[in-house]
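Chemist: quick one, structure for this:
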Amino acid sequence: MKNAFALAFLLIPLFAKAQEQGKIVYNEHIDFTIELPPEMQQYAEMMPSEQSTYMDLFYNAEASFYKASPKVETAEENPFEEGDGGFQININMGEGAETYINRPEKLVLRAEDMMGKKFLVVGERQNMQWKILPNTREILGYQCQEASIEMDSTVFTAWFSPQIPFSIGPGEFYGLPGAILAVSTDNGDEKINITAEEIDFANYDNEIVRPEKGKKVSQEEFEVIMRERMEEMEKMYGGDGHESEDGTIRIKVISND
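Modeler: Residues are numbered from 1 along each chain as shown. Here you go, the predicted model:
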């Protein structure tokens with residue numbers, strides 16, 4: 001397997017020309033645990049415990065754009081969507097966020113829609129401190145090597161392929177010498193698996209859209225605004241807001257009394 005991986009590096013120039021642009025379809029699968037207040041424990045078994053979403057990554061030699069895919073996987077129904085037993089539970093899996101990355105400009109733009117208001121989170125493309133590991137595996141016929149990184153006290157494992165010689169990946173995972181085809185983490189409360197399921201080396205330049213709408217804020221400012229909005233909802237509805245460390249899962253328990 002190590003010899004095969006070394007051969008992949010030697011073949012990079014042959015692959016590069018044909019793969020200067022394309023689309024990678026990822027499946028984002030999240031297993032999670034919802035902690036309900038004591039008065040709602042009787043509904044615990046009815047709550048969803050997983051969610052899957054398809055995302056498209058369009059890329060070329062300079063930029064990439066990550067957004068929700070038209071390919072849909074049937075989601076588990078939220079039994080409290082219309083309200084039940086005097087309570088309403090809203091579950092937001094963080095869907096709808098779009099990420100644009102321009103490598104020459106070292107620019108990262110993330111378009112977010114929070115409670116009906118649009119934000120454009122502006123940041124700089126970081127020098128990600130990945131640790132490349134010796135393990136290898138195959139994904140969709142591409143030889144991949146393992147790497148790991150710690151972000152906000154959470155360790156993520158990634159698998160990247162130098163056969164697709166661009167420093168791209170799902171969302172804001174990038175910075176490896178090849179496309180990231182899988183990312184995973186398990187912190188106990190959440191288990192996240194993002195895996196490439198389709199790769200197409202066609203011209204998708206018209207799909208690489210630089211977001212412009214929304215109030216421009218930094219990541220730090222966006223986090224402050226998000227906390228303030230959650231606190232406002234708690235005061236308004238007398239409920240509890242819960243949020244995962246990476247902001248992926250947002251849960252709101254609202255009392256209708």
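
Chemist: middle-most residue in this structure, spatially?
Modeler: Nearest to the mean C-alpha position of the chain, by Cα atoms, centre = their mean, lies residue 171 at 4.9 Å.

Chemist: does that one count as helix, strand or coil?
Modeler: Per DSSP: H, G, I helix; E, B strand; the rest coil, the local secondary structure of residue 171 is coil.

Chemist: if I pick it, what's in contact with it?
Modeler: 55, 66, 97, 99, 194 (Cβ atoms under 8 Å, 6 or more residues apart in numbering). C-beta here means a position set from N, CA and C on the backbone, and glycine is covered the same way.

Chemist: likewise residue 102?
Modeler: Residue 102 touches 62, 63, 125, 210, counting by Cβ under 8 Å, 6+ apart.

Chemist: try 6 Å
Modeler: Shown in contact with residue 102 (Cβ atoms under 6 Å, 6 or more residues apart in numbering): residue 63.

Chemist: tell me the pLDDT at it?
Modeler: pLDDT, residue 102: 97.

Chemist: and if you look at the one 4 residues further on?
Modeler: Per-residue confidence for residue 106 comes out at a pLDDT of 95.

Chemist: now swap in the one 4 residues further on and tell me
Modeler: Among the per-residue scores, residue 110 shows a pLDDT of 96.

Chemist: what's the answer for residue 50, then?
Modeler: At residue 50, pLDDT is 81.

Chemist: what is the neighbour count of it?
Modeler: 11 (other Cβ atoms under 10 Å).

Chemist: and if you look at residue 168?
Modeler: Residue 168 has 25 nearby residues by other Cβ under 10 Å.

Chemist: the helices in this protein, which residues?
Modeler: 2-10, 12-18, 219-237 (DSSP state H).

Chemist: how far away is residue 146 from residue 124?
Modeler: 27 Å (Cβ to Cβ, to the nearest Å).
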